[in-house]
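Trainee: Coordinates only, no sequence provided:
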């Protein structure tokens, strides 16, 4: 059993709820009589996936900080719900039967793969979050000791880093939706133009 306490500065984290793109934290440091309670946000939206704490607030009033904590959690819930209402494609998640499983011998670069839904947060286990184009990374190559796989999400266009074990498999052609085919063609065209521009600038 892991009894290691999670700390943010001198505050021990007593409550943590991760919703959407942020985690909301409630910390306590009883030694700080003037400000024993703290609420802050945490995210990992950076190339190295390192915890980034921000928007910290402190107070000696427990109820004030608990109200702030619950308000931030509610705001995150509302943001995720609002984001979901804007999705214009079917959200039914992809499963193992929709893909070709991968092995260590397979090169994944420039292939459309499915992110394992178990590697996604519950609120993000939808098709628009699963289909990605592999663009590079040591983990994308066959028999590589590296794990990093860099991708572009077909729906949002967002670039992300995954580990090879986060990938469920390569999407089967018959299960590739029309919206994904259109976005794939657009992303590949944009990447080709960018590459051409870089070659000219050299």
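Mentor: Right, received. Where do you want to start? None of these values were measured; they are calculated from a predicted model. Numbers count the residues shown, from 1 in each chain.
Trainee: show me what contacts the closest residue to residue 158 other than its chain neighbours?
Mentor: Closest residue in space to residue 158, ignoring its immediate chain neighbours: residue 152 at 7.3 Å, by C-beta to C-beta, 6 or more residues apart in numbering. C-beta: built from backbone N, CA, C; applies to glycine. Residues in contact with residue 152 (C-beta atoms under 8 Å, 6 or more residues apart in numbering) are 132-133, 135, 158-160, 187.
Trainee: out of these, who's nearest residue 147?
Mentor: Nearest to residue 147 among those is residue 160, at 14.0 Å by C-beta to C-beta.
Trainee: Tell me the secondary structure of that closest one, please.
Mentor: strand (DSSP: H, G, I helix; E, B strand; the rest coil).
Trainee: Farthest pair within the contacts of residue 152?
Mentor: Greatest spatial distance in those: 160 and 187, 13.5 Å, computed using C-beta to C-beta.
Trainee: Buried ones among the contacts of residue 152?
Mentor: Buried residues within these, counting neighbours by 16 or more other C-beta atoms under 10 Å: 132-133, 135, 160, 187.
Trainee: Could you dump the residues you listed into TSV and include distance to residue 40 and secondary structure?
Mentor: As requested, the buried ones among the contacts of residue 152 are exported to TSV (distance: C-beta to C-beta, whole Å; DSSP: H, G, I helix; E, B strand; the rest coil):
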residue	distance to residue 40	secondary structure
132	30	strand
133	35	strand
135	33	strand
160	24	strand
187	35	helix
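Trainee: Return the member of these nearest to residue 31.
Mentor: The closest of those, once distances to residue 31 are taken by C-beta to C-beta, is residue 160, at 39.5 Å.
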